[in-house]
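S.K.: The following comprises the amino acid sequence and a computationally predicted model.
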Amino acid sequence: MEIKTSKLKDQRYRKFYFTGIIVLIFFIVFFTAQFFKAEHLFGITSKISLLEMFAFNTSSPLKWYGLTALSSFFLHYNFLHLSINSILLLILGPQFLAQIKKTNFIILILFIHLVSLAFCFVLASKKQIFLGSSSALLGLFSLWLLKTKKYFLFSITLFILIYSLVSKETNHLEAKVHLFSYLLGVFLYSLKRKPDWI
């Protein structure tokens, strides 16, 4: 019994360890972006922030490299944005890693992120930027709520996201993308033949 218990503890620590590494990257990228400028980086001489350069937007000098599609996942507007996403990832990550492999988890979260970016690209103007892991995590969150049959919490979250579309205190573009990502999780759950990475 002691051997089995220790193995279970090791597995739990590994799951938290993996998501903890991603969260650590979040914090490193956040504080790096706060203190450094992008001057002379990649041959670019304009003094724009790293946040502006690596965020997903049509005016980024790196858009032609396709880097912003991935780098935008690790960026955050402010410390509150960073903290909320980090906590949500630490909660959801181990739940999914208990059912799917690490590589499949990465595929799942990147799939939701990239599809959300495509949706954002259709709606956004050239002046708007998109960054953060919120959309990917909302997609994971709705998928997890449905898989665990937490329908009441799912409904409450859905109501909040729908309300944010009409609220004057929210960014309507972000609200639309967040709702789309949340419903994307519903779509993935509804698939009759789910791929291995779900």
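M.R.: In hand now; what should we look at? Numbers count the residues shown, from 1 in each chain.
S.K.: Who are the contact partners of the residue nearest in space to the middle of the chain?
M.R.: Central residue check for the chain by Cα atoms, centre = their mean: the C-alpha nearest the mean position is that of S133, 2.2 Å away. If a contact means Cβ atoms under 8 Å, 6 or more residues apart in numbering, then S133 has 26, 73-74, 85, 89, 109, 113 as its contacts. Where you see a C-beta, it was placed from the backbone N, CA and C, and this is true even at glycine.
S.K.: Kindly reformat those residues as TSV containing pLDDT, neighbour count and secondary structure.
M.R.: What follows is the contacts of S133, written out as TSV (pLDDT from 0 to 100; neighbours: other Cβ atoms under 10 Å; DSSP: H, G, I helix; E, B strand; the rest coil):
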residue	pLDDT	neighbour count	secondary structure
F26	93	22	helix
F73	92	26	helix
F74	92	19	helix
N85	94	21	helix
L89	94	20	helix
I109	94	22	helix
H113	93	23	helix
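S.K.: Take those residues and write them to CSV, including distance to C120.
M.R.: Formatted as CSV, the contacts of S133 follow (distance: Cβ to Cβ, whole Å):
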residue, distance to C120
F26, 20
F73, 13
F74, 16
N85, 16
L89, 20
I109, 16
H113, 10
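S.K.: Check the gap between the residue nearest to the centre of the chain and S167 for me.
M.R.: Distance of S133 to S167, given as Cβ to Cβ, to the nearest Å: 22 Å.
S.K.: in this structure, which spans are helices?
M.R.: Ranges of helices in the chain, per DSSP state H, are 2-35, 50-54, 68-71, 79-97, 102-123, 134-147, 151-163, 172-190.
S.K.: Count the neighbours of L188 for me.
M.R.: Other residues within reach of L188, judged by other Cβ atoms under 10 Å, total 22.
S.K.: Identify the residues contacting it.
M.R.: With contact set as Cβ under 8 Å, 6+ apart, L188 has these partners: 112, 139, 143, 194, 198.
S.K.: just these now: which is nearest A175?
M.R.: Closest approach to A175 among those (Cβ to Cβ): G139, at 14.9 Å.
S.K.: Does the closest one touch L179 like I think?
M.R.: No - between G139 and L179 there is no contact under Cβ atoms under 8 Å: 10.7 Å.
S.K.: higher neighbour count, these two?
M.R.: Set G139 next to L179 and count neighbours by other Cβ under 10 Å: G139 wins out with 27 against 18.
S.K.: For L92, see how far away the more buried one is.
M.R.: From G139 to L92 the distance is 10 Å (Cβ to Cβ).
S.K.: Find me the pLDDT at R12, would you?
M.R.: For R12, the model assigns a pLDDT of 60.
S.K.: coming back round to it: out of the contacts of L188, which is most surrounded?
M.R.: Neighbour counts for the contacts of L188 peak at G139, which has 27 neighbours (criterion: other Cβ under 10 Å).
S.K.: Leaving out sequence neighbours, find the closest residue to it.
M.R.: In space, and not counting its chain neighbours, G139 is closest to I112: 3.7 Å by Cβ to Cβ, 6 or more residues apart in numbering.
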